[in-house]
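*Asks:* mind looking at a prediction? Sequence and model below.
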Amino acid sequence: MNRLLLALLVLVGIALPAAAHEVRPAYLELVETEPGLFAVTWKQPILDGRRLKLDPVFPDGCTRERDRTEAVAGTLVQRWDMRCDLSAGHVAIEGLERTLTDAFVRVDRLTGDDLSAVLRPGALRLDLSVPTGAPTAAYFRIGVEHIIFGYDHLLFVLGLVLLVRPRQLLATVTAFTLAHSITLAAASLGGITLPGPPVEIIIAMSIALLGAEAIYRSRGRETLSQRKPWLIAFGFGLIHGFGFAGALSEIGLPRGAEILALLLFNLGVEVGQVAFVCTVLLVAFLATRLARLPLAPARHVAAYMIGIVGAYWAIERIVNVLV
């Protein structure tokens with residue numbers, strides 16, 4: 001039975017890497033540099049080395065000049081100049097309805113009547129003739145989606161739940177929250193950043209470490225991370241904060257509402273994180289109290305799963321950097 005469980009865990013570790021990276025939003029910016037001439041920046045995430053089938057669509061009569069394309073930290077960035085009348089019509093993102101990705105669109109016009117919106121499968125285009133405000137509320141949703149679809153962050157939180165005793169859980173999760181809030185603010189408002197690949201590698205290693213520590217606990221071995229889990233949570237939380245900042249780096253913060261958008265994003269992350277912890281605790285309660293299932297074997301299996309997946313992701317990300 002134990003061998004079967006370990007074999008299943010290995011298969012999980014092999015299957016999950018494709019989902020290791022969170023869903024990042026796309027970003028389209030159009031800045032009018034002279035009447036009728038726009039500098040266009042189009043960013044879209046790259047998944048498994050391939051671009052998503054997303055393409056911006058503009059009103060008829062627009063012409064593109066000086067196309068430039070580059071890949072930056074898992075993002076395809078295209079820039080070009082475009083002669084176009086953007087006083088009427090629509091801007092849309094073709095293919096958005098087939099993805100989980102949101103797209104931020106920002107139009108800065110010389111007349112001062114700037115436009116911005118978040119396009120998603122239920123709202124696929126921006127009406128250029130209708131005034132809009134800064135879409136700060138959308139940053140809350142991006143924060144929730146970032147943690148819910150960011151499986152590496154979720155596995156770290158799950159590792160904390162397995163490692164920490166109930167009386168220490170609140171302080172530990174709070175330490176993790178405080179730490180990633182600090183670095184998220186420093187990266188988004190202060191411009192303090194770290195290279196993406198090393199951050200992702202350390203995040204994966206932190207998951208593997210928590211898996212190993214949870215295994216030690218299940219075997220009755222006491223370690224520093226068990227005596228002072230808040231210290232481990234705070235230290236790695238600083239690194240995870242730079243990972244959270246990756247989502248914001250693609251779209252930036254709306255001018256004039258930077259702090260509010262950052263607060264909403266961070267609140268969204270926390271809501272998603274708390275919802276996940278509550279779900280885990282609820283499932284554990286129902287399994288032990290109602291279904292009468294033994295909790296110890298499940299904790300042991302989950303600890304192995306976290307360790308295997310974290311180690312696999314770390315190796316995968318190191319190989320991607322070296323290749």
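*Replies:* Yep, that arrived.

*Asks:* and the one helix or strand Val144 maps to, how far out from the chain middle?
*Replies:* Here Val144 sits within helix 137-148, counting by DSSP states H and E. Its chain's average C-alpha position is 9 Å from that of helix 137-148, according to C-alpha atoms, centre = their mean, to the nearest Å.

*Asks:* name the helices or strands packed onto that helix?
*Replies:* In terms of contacts (3 or more C-beta pairs under 8 Å, 6 or more residues apart in numbering; DSSP states H and E), helix 137-148 is packed against helix 151-163, helix 229-251, helix 258-285. For glycine as for every other residue, the C-beta is placed from the backbone atoms N, C-alpha and C.

*Asks:* buried set for that helix?
*Replies:* Under the neighbour-count criterion of 16 or more other C-beta atoms under 10 Å, helix 137-148 has Ala138, Tyr139, Phe140, Arg141, Ile142, Gly143, Val144, Glu145, His146, Ile147, Ile148 buried.

*Asks:* what of stretch 109-128?
*Replies:* Residues of stretch 109-128 classed as buried: Arg109, Asp114, Leu115, Ser116, Ala117, Val118, Leu119, Arg120, Leu124, Leu126, Leu128 (neighbour count, 16+ other C-beta under 10 Å).

*Asks:* so how far is Pro45 from the fourth one?
*Replies:* The span separating Ser116 from Pro45 equals 20 Å under the rule C-beta to C-beta, to the nearest Å.

*Asks:* repeat that for the last one.
*Replies:* With distances taken as C-beta to C-beta, Leu128 is found 25 Å from Pro45.

*Asks:* now do the fifth one
*Replies:* Counting by C-beta to C-beta, the separation of Ala117 from Pro45 is 19 Å.

*Asks:* hang on, the earlier thing: out of the helices and strands packed on helix 137-148, which is closest to Gly307?
*Replies:* Closest approach to Gly307 among those (C-beta to C-beta): helix 151-163, 8.7 Å.

*Asks:* after the closest one comes which helix or strand?
*Replies:* Sequence order places helix 166-190 as the next helix or strand after helix 151-163, per DSSP H and E.

*Asks:* now do the following helix or strand past that following helix against helix 229-251, angle only.
*Replies:* Proceeding N to C from helix 166-190, the next assigned helix or strand is helix 196-218, under DSSP H and E. Interaxial angle, helix 196-218 versus helix 229-251 (axes from the mean of the first three to the mean of the last three C-alpha atoms, to 10 degrees): 150 degrees.

*Asks:* understood, closing this out.
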